[in-house]
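Visitor: Fold the following for me, if possible:
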Amino acid sequence: MKFETIIGLEVHAQMLTNTKIFCGCSSLFGAEPNTQTCQVCTGMPGVLPVLNKKALEYAIMTGLAMGCTISSHSRFARKNYFYPDLPKGYQISQYELPICEQGHIEISVDGEVRKIGITRIHMEEDAGKNIHEGTGKYSLVDLNRTGVPLMEIVSEPDMRSPKEAAEYMKKLRAILRYLDVCDGNMEQGSLRCDANVSVRPAGQKALGIRTEVKNINSFKFVEKAIDYERKRQIDVIKTGGQVQQETRLWNSAKAVTESMRSKEEAHDYRYFPEPDLGPIMVGREWIEEIRTRLPELPDAKRERFVSAYGLPEQDADILIGDRPVAAWFERSVAAGGQPKAVSNWMMVELMRLLNEENRSIETCLLRPEQLAGMLTLIDNGTISGKIAKKVFAEMYKTGKDAEAIVKDKGLVQISDQSAIEKAVEDVIAHNPNEVERFRAGEEKLIGFFVGQVMKKTKGKANPTIVNELLKKKLIDVI
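Guide: Residues are numbered from 1 along each chain as shown. Model (predicted):
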């Protein structure tokens, strides 16, 4: 029996506001535990919440970017449950009247474009954090995160594979970072994903029983957790069992999902309208004013990179995946770098060095204008491509300009034909066996001779002149 996997994602994105959603406490990450709290976010009696207007604006921006309908009338609700990191005993969220509804984003998987529906985007406050340390006899609670503004972005169950889910998350993160409404840092928890997964026999219209998988904090784990869970459910069904509706945790160390609790339904939370906050009335003029401030989004930027810069689609996909990377590319091109050359150096050398140090491009010492300067040195014959790699590595490490590095280290390319000719003649004279084989038709040996000349000149010889002289001299020998 063949099975189809049905996947929907609930993504919590922490909004980049300076303060929390209903009070003036800082929302910055990393402070000492319980130092960013007040009577409002800790739920003291007699206090009233006040909505952060910037959080509302960010939610509207996100909805517009994803093609949602923005509700002119929405409201908050109380979601009631008891947990140590929820000091009020309820969470202020949105339920029946969310701020954004019915949007979509497009993803590309294996050359196929898929439209993934967005059911809703609503605002809510975050809970605190339980810290399990020490002997295991007790846990600590840090309430700094309590009241931090979140958007919950709920997709339709439109994804059919773990790979599609991972691509959806990447696209969603890119949009949020382009809008500058969320930093997308999954390790710090500012972007968190819960996956609703079910399977059904191929051709069946009714949905299967779903489980919710929590604690997924990377794109890789999104794919792995869903893949494990769908296989687990298929095994349960094939062995005559029945999938239980439950919440499961992704254990990345063991690469398995583990049962956490039975899955709650909406009525378990006893939602009711939040009595301390009035309805949110949003005028159409403000919505349209926000729309005019939307930046160029990933899909539009991708099309422009292909049409305006002549980049292959694969290059464009990589460069537009993160807004700072795309901006770095455009600055380098504006400084005189040829688009394809800039793209190549970024995707191969720059990305490799950044990944090795787990560093973002924003913190890179190498400036985009410096790459353009180095490419000019290659184009005018000052340095070879091989020397350029050494120069690039030094630029990345020190932040120095290419010209200064070339001068300090004596890396100027040798283009003097007489000097290169002497090196070519020496190589030919010291490798008679290879010359004979070349004469016998092994033309691929030209690479051997080029390598020997470059070695003799410490990589400084102009490779074009080397190739021309070698072919001439070897033919003359013949």
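Visitor: which residue is nearest the middle of this structure?
Guide: Nearest residue to the geometric centre of the chain (Cα atoms, centre = their mean): K170, 5.2 Å.
Visitor: Distance-wise, check that one relative to K2.
Guide: Using Cβ to Cβ, to the nearest Å, K170 is found at 28 Å from K2. C-betas here are computed from N, CA, C, even on glycine.
Visitor: swap in E289?
Guide: Going from E289 to K2 by Cβ to Cβ gives 51 Å.
Visitor: Give me the more crowded residue out of these two.
Guide: E289 (11 against 7; other Cβ atoms under 10 Å).
Visitor: what helix or strand does that one sit in?
Guide: According to DSSP states H and E, E289 maps onto helix 284-292.
Visitor: what comes up buried for that helix?
Guide: I287, I290 (16 or more other Cβ atoms under 10 Å).
Visitor: Show residues contacting it.
Guide: Contact with helix 284-292 is made by E57, I60, M61, L64, I70, S72, as judged by Cβ atoms under 8 Å, 6 or more residues apart in numbering.
Visitor: Tell me, how many residues neighbour the residue lying closest to the last one once chain neighbours are set aside?
Guide: Using Cβ to Cβ, 6 or more residues apart in numbering and skipping the chain neighbours, the partner closest in space to S72 is V282 (5.3 Å). Here the count is done by other Cβ under 10 Å, and V282 has 18 residues near it.
Visitor: Pull out the buried positions in the top strand by length along the chain.
Guide: Longest strand in the chain, counting residues (DSSP state E): strand 112-125. Across strand 112-125, burial judged by 16+ other Cβ under 10 Å covers R114, I116, G117, I118, T119, R120, I121, H122, M123, E124, E125.
Visitor: how does the protein divide into domains?
Guide: 3-289, 296-409, 417-477 (automatic domain parsing).
Visitor: circling back to that earlier point, which other helices and strands contact the helix or strand following the helix holding E289?
Guide: Once helix 284-292 ends, the next helix or strand along the chain (criterion: DSSP H and E) is helix 298-309. Helices and strands touching helix 298-309, by 3 or more Cβ pairs under 8 Å, 6 or more residues apart in numbering; DSSP states H and E, are helix 162-179, helix 313-319, helix 323-334.
Visitor: and the ones you listed, which is most packed in?
Guide: helix 162-179 (a mean of 22; mean count of other Cβ atoms under 10 Å).
Visitor: tell me the angle of that one relative to helix 323-334?
Guide: Here helix 162-179 points in a direction 70 degrees away from that of helix 323-334 (axes from the mean of the first three to the mean of the last three Cα atoms, to 10 degrees).
Visitor: other SSEs contacting helix 162-179?
Guide: Secondary elements touching helix 162-179 (3+ Cβ pairs under 8 Å, 6+ apart): strand 3-14, helix 53-65, strand 100-109, strand 112-125, strand 191-201, helix 219-238, helix 298-309, helix 323-334.
Visitor: Identify whichever of the ones you listed lies nearest to F448.
Guide: helix 323-334 (35.6 Å; Cβ to Cβ).
Visitor: What is the subsequent helix or strand relative to that closest one?
Guide: helix 339-345.
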